[in-house]
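> Next come a sequence and a model predicted from it.
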Amino acid sequence: MVYVAGHRGAMGVMPENTLKGFRYATNLGVEAVECDVHLSRDGQLVVMHDTTVDRTTNGHGAIRDLTAARIRGLDAGGGEQVPTLDEVLETVRHEVHLLIELKGIGVEQAAVEAVRAQGMEEEVTFSSFALERLAAVREMGRGYRVRAILPNPTDFDLARAVEMQAVGIDVQYRNVCFRVVDAAHALGLEVLAWNPDTWPEQQAMIALGVDGVSSNRPDILLYHLRRGTLQEEFQPQ
């Protein structure tokens, strides 16, 4: 059976990358939640996807130009604050696995130190589009798990993921196919599909043999998994 990850908490239902969203996804029963981290102007790790605060808060400006206190004073949706990585780690500790996507230059050192300080090395996996950031994490200690985000992976991409001893790859769901899944599995890599948000899309990923699904609507996927309706009206192409 596939494992379910809540993307940015459960951004299709709750404000993204907020403690409310992470708690919602955890209470649903997901196995993992995913978040994004950036460094503020004063070197603090804040949890947000974009390089600016404009889309997801009532503020304006680049994260790197704002202090953590300024960012945390913004409304991230429904009165929610922008959390720090420490707050997210404390929220999910011993509840679900945390997938931390490394955003921005130099963030990997601070993220690893935050995880190490809370003794959560076994509960966290680091991911990034920038494979050099994952290589830097691996150099900080062989005990840290990494996943390569490869939207449409080539054989060369898969070889690089193996070289850095990644546990798996994250593939944009529209680019998941039997060839990619089989090639990754042959190399010992898990495949996580992101972000199928409707039941037919999620069902397609299951039929293609992925190991996990990261979705903005984990509620939809978990509902059908629990009902056992995996084979309803779907035939893989």
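Here it is on my side, so go on.
> Dig out what the residue minimising distance to the centre of the chain forms beta bridges with.
Central residue of the chain (CA atoms, centre = their mean): residue 34, 3.1 Å from the mean position. For residue 34, the beta-bridge partners are residue 99 (DSSP bridges).
> now the strands for the chain?
With DSSP state E, the ranges of strands along the chain come out as 3-6, 32-39, 45-47, 97-102, 124-128, 145-149, 168-172, 190-194, 212-215.
> So which of those strands is nearest residue 138?
When these are compared by CB to CB, strand 145-149 sits nearest residue 138, at 6.1 Å. For every residue, glycine as well, the C-beta is placed using N, CA and C.
> orientation of that closest one relative to strand 124-128 in degrees?
Between strand 145-149 and strand 124-128, the angle comes out at 30 degrees (axes from the mean of the first three to the mean of the last three CA atoms, to 10 degrees).
> can you pull out the helices in this protein?
Using DSSP state H, the helices of the chain run over residues 19-28, 68-72, 85-92, 107-117, 131-139, 155-163, 178-186, 199-207, 218-227.
> quick one: which of these is nearest residue 58?
Using CB to CB, the helices of the chain put helix 68-72 closest to residue 58, at 11.5 Å.
> Adding mean pLDDT and distance to residue 202, write the strands of the chain out as JSON lines.
Shown next, in JSON lines, are the strands of the chain (pLDDT from 0 to 100; distance: least, CB to CB, whole Å):
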{"stretch": "strand 3-6", "mean pLDDT": "98", "distance to residue 202": "9"}
{"stretch": "strand 32-39", "mean pLDDT": "98", "distance to residue 202": "15"}
{"stretch": "strand 45-47", "mean pLDDT": "98", "distance to residue 202": "25"}
{"stretch": "strand 97-102", "mean pLDDT": "98", "distance to residue 202": "18"}
{"stretch": "strand 124-128", "mean pLDDT": "98", "distance to residue 202": "20"}
{"stretch": "strand 145-149", "mean pLDDT": "98", "distance to residue 202": "19"}
{"stretch": "strand 168-172", "mean pLDDT": "98", "distance to residue 202": "14"}
{"stretch": "strand 190-194", "mean pLDDT": "98", "distance to residue 202": "8"}
{"stretch": "strand 212-215", "mean pLDDT": "98", "distance to residue 202": "6"}
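> No more questions from me, cheers.
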